[in-house]
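>>> With the input below, show me the fold.
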Amino acid sequence: MSQQASAGNNQVAVLGGGCFWCVEAVLADLRGVVSVVPGYSGGHVDHPTYEQVCGKQTGHVEVARVEFDPAVLSYSDLLRVFFATHDPTTPGRQGNDVGPQYESTIFWQDESQRQQAQDVMVEIEAQKIYDAPLVTQLREPATFWPAEDYHRNYFALHPEQGYCQFVIAPKVAKFRKQFRDRLAR
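Got it, this is the predicted structure:
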């Protein structure tokens, strides 16, 4: 199955916005999202492991593969939520997570997604939401490698874990407040 292909009329987005646990936890609650799978993309190592990616030598970015229903959630609106829920102005960093695997990255899946991503980035820059320019990378489609099973639904399964309590939970709470009209539940 191609990166763009999915069930029915659903579409796929591949987004890197820091730790994939955070991206998954936020986007999984968005109405129109069918599934979110954490993984790796953009590097030169086939079937990378978490340890390899954390070693910063694979070229991979931690990403989430998001399957969504464009009749409910447009790609542009998905990107607006993506930009609002991470810091797209810090290269190789999200909070205390530092390294090339944490780059703000959009792996567009077709020309339409590439153009929409550019348009949304121009819109966000014009709104002057951030004090610094966006550093989000727009990258061509790349093989998506699913992360190990223990990374899936990490926040939902481990809410007591320190990183979940102090990093993910506040991010999810902010998202739920800001986008309450777009929540799936």
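
>>> Where does the prediction get shaky in the protein?
1-7 (pLDDT under 70).

>>> Strands of that one, residue ranges please.
With strands called from DSSP state E, the chain shows them at 11-17, 33-41, 61-68, 93-94, 97-98, 104-107, 137-139, 144-146.

>>> same for the third one, what does it pack against?
Spelled out, it's strand 61-68. strand 11-17, helix 20-27, strand 33-41, helix 75-84, strand 104-107, strand 144-146 (3 or more Cβ pairs under 8 Å, 6 or more residues apart in numbering; DSSP states H and E). In this view, the C-beta of every residue, glycine as well, is placed from N, C-alpha and C.

>>> Quick check: Ile106 vs Arg180, distance?
According to Cβ to Cβ, to the nearest Å, Ile106 stands 25 Å off from Arg180.

>>> same check, this time on Pro88
From Pro88 to Arg180 the distance is 22 Å (Cβ to Cβ).

>>> Those two: who's more crowded?
Pro88 (26 against 8; other Cβ atoms under 10 Å).

>>> for that one, what are its contacts?
Pro88 makes contact with Gly17, Ser104, Ile124, Tyr130, Leu134, Val135, Thr136, according to Cβ atoms under 8 Å, 6 or more residues apart in numbering.

>>> quick check: longest helix of the chain.
Longest among the helix segments of the chain by residue count, using DSSP state H, is helix 111-127.

>>> residues making contact with it?
13, 75-76, 79-80, 83, 88, 106, 108, 130, 133-134, 136, 138.

>>> Over to stretch 136-144?
3-4, 14, 39-42, 46, 63, 65, 83, 88, 103-110, 114, 117-118, 121.

>>> In contact with Pro159, which residues?
With the criterion set at Cβ under 8 Å, 6+ apart, Pro159 makes contact with Gln165, Ala169.

>>> Angles on the backbone of it, please.
Note on Pro159: backbone dihedrals following degrees, to the nearest 10 are phi -60, psi -20.

>>> any idea how far it is from Ala126?
37 Å.

>>> And Ala169, by the same measure?
From Ala169 to Ala126 the distance is 32 Å (Cβ to Cβ).

>>> picking up where we left off before, out of the helices and strands packed on strand 61-68, flag the one nearest Glu51.
strand 33-41 (11.6 Å; Cβ to Cβ).

>>> you'd agree Gly95 is up against Gly18?
Yes: with contact defined as Cβ atoms under 8 Å, Gly95 counts as touching Gly18 (7.2 Å).

>>> Right, I'll leave it there.
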